[in-house]
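Q: okay, predicted coordinates and the sequence, questions at the end:
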Amino acid sequence: MGSGDVDIAPVAALMGEPARAAVLTALVDGRALAASTLAAEAQVAPSTLSAHLARLVDGGLVSVEASGRHRYFRLARPEVADAVEALARLAPCRPVRSLRQGTHAEAIRRARTCYDHLAGRLGVALLDALVAGNVLGVEEGSAGNPDPVLGAGRSLRYVVTDRGRARLVELGLQLDESGRRPLTRYCVDWSEQRPHLAGALGAALLARSVELGWVLRRERRVVRVTDVGRAAFERELGVDPGAFS
């Protein structure tokens with residue numbers, strides 16, 4: 001017999017436990033982290049976290065890599081990050097009870113990573129600037145071909161223009177369209193409720209920004225834009241400087 005309808009309950013149960021949800025959130029920036037780091041993020045004992053990690057690995061949400069005597073964990077595939085980001089758009093925000101929490105909450109809304117691309121106000125402003133500068137064109141879809149994120153009648157498709165291709169090459173980006181990953185796609189940003197750029201191009205832009213010293217990756221997904229980056233994002237890509245404040 002063939003396959004039936006999808007069964008989301010097992011995945012939802014894996015993601016719904018607080019400690020495992022904290023692990024997935026910590027890993028959503030695409031990096032591999034040690035179990036000790038994840039235990040601190042989840043605020044549980046290492047022995048307790050070990051059982052949670054085993055369940056996440058068995059469920060296909062997290063993969064494990066060995067390095068000598070140590071083991072490091074990362075999200076198994078980009079779709080897991082997509083699911084976490086989608087849940088974040090529905091979830092209530094935790095109350096802020098300290099200056100440290102408030103500072104982090106503001107920083108993560110200003111600029112963060114979503115798996116391997118930029119998100120937050122910076123990520124949204126970057127996509128807006130790429131469209132305004134004709135680096136990316138926007139193709140409207142039809143209600144008969146609904147967008148997987150926005151739904152029927154609200155389909156968007158971002159494509160690299162000829163001008164944009166030349167501009168991106170000038171910035172040192174190699175546009176490889178031979179892989180299985182789409183060159184351009186988007187996520188709806190959970191804090192801004194608007195699209196930010198994902199896909200191979202989104203990942204390449206983040207990697208190049210780090211390489212050029214425009215941004216620095218901090219702990220817990222936070223990205224800090226450097227003084228060099230503030231000037232470069234505005235000068236090279238036309239990003240609104242208000243995105244950095």
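A: Perfect, I can see it now.

Q: surely residue 236 meets residue 171?
A: Yes: here residue 236 reaches residue 171: they are 6.4 Å apart, a contact under CB atoms under 8 Å. Using the backbone N, CA and C atoms, a C-beta is placed for each residue, glycine as well.

Q: so residue 185 touches residue 195, yeah?
A: No: applying CB under 8 Å, one finds residue 185 not in contact with residue 195, separated by 9.5 Å.

Q: who touches residue 229 in this structure?
A: 209, 212-215 (CB atoms under 8 Å, 6 or more residues apart in numbering).

Q: do the same with residue 90
A: Residue 90 touches nothing, counting by CB under 8 Å, 6+ apart.

Q: buried residues in the helix or strand harbouring residue 81, which are they?
A: For residue 81, the host element (DSSP states H and E) is helix 78-90. Buried positions in helix 78-90, judged by neighbour count with 16 or more other CB atoms under 10 Å: 78, 80-85, 87.

Q: please apply the same query to stretch 126-135.
A: Applying 16+ other CB under 10 Å to stretch 126-135 flags 126-131, 133, 135 as buried.

Q: pick the one among these closest to residue 190.
A: residue 127 (14.9 Å; CB to CB).

Q: can you redo the buried residues of stretch 126-135 as CSV with pLDDT and distance to residue 158?
A: CSV is the format used below for the buried residues of stretch 126-135 (pLDDT from 0 to 100; distance: CB to CB, whole Å):
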residue, pLDDT, distance to residue 158
126, 96, 12
127, 95, 8
128, 93, 11
129, 95, 13
130, 95, 8
131, 93, 7
133, 94, 13
135, 95, 10
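
Q: how about CSV for those, with distance to residue 49 added?
A: Shown next, in CSV, are the buried residues of stretch 126-135 (distance: CB to CB, whole Å):
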residue, distance to residue 49
126, 35
127, 36
128, 39
129, 40
130, 40
131, 42
133, 45
135, 43
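
Q: mind putting those in a markdown table, secondary structure included?
A: Converted to a markdown table, these look like this (DSSP: H, G, I helix; E, B strand; the rest coil):
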| residue | secondary structure |
| --- | --- |
| 126 | helix |
| 127 | helix |
| 128 | helix |
| 129 | helix |
| 130 | helix |
| 131 | helix |
| 133 | coil |
| 135 | coil |
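
Q: which of these lies closest to residue 47?
A: Distances from residue 47 to those, taken by CB to CB, are shortest for residue 126, at 42.0 Å.

Q: distance of the closest one relative to residue 213?
A: 17 Å (CB to CB, to the nearest Å).

Q: and residue 118, what are its bridge partners?
A: residue 113 (DSSP bridges).

Q: list the contacts of residue 26.
A: Here residue 26 is in contact with 33, 37-38, 41-42, 220-221 (CB under 8 Å, 6+ apart).

Q: show me which of those residues is closest to residue 204.
A: Looking across the contacts of residue 26 and measuring by CB to CB, the closest to residue 204 is residue 221, at 18.9 Å.
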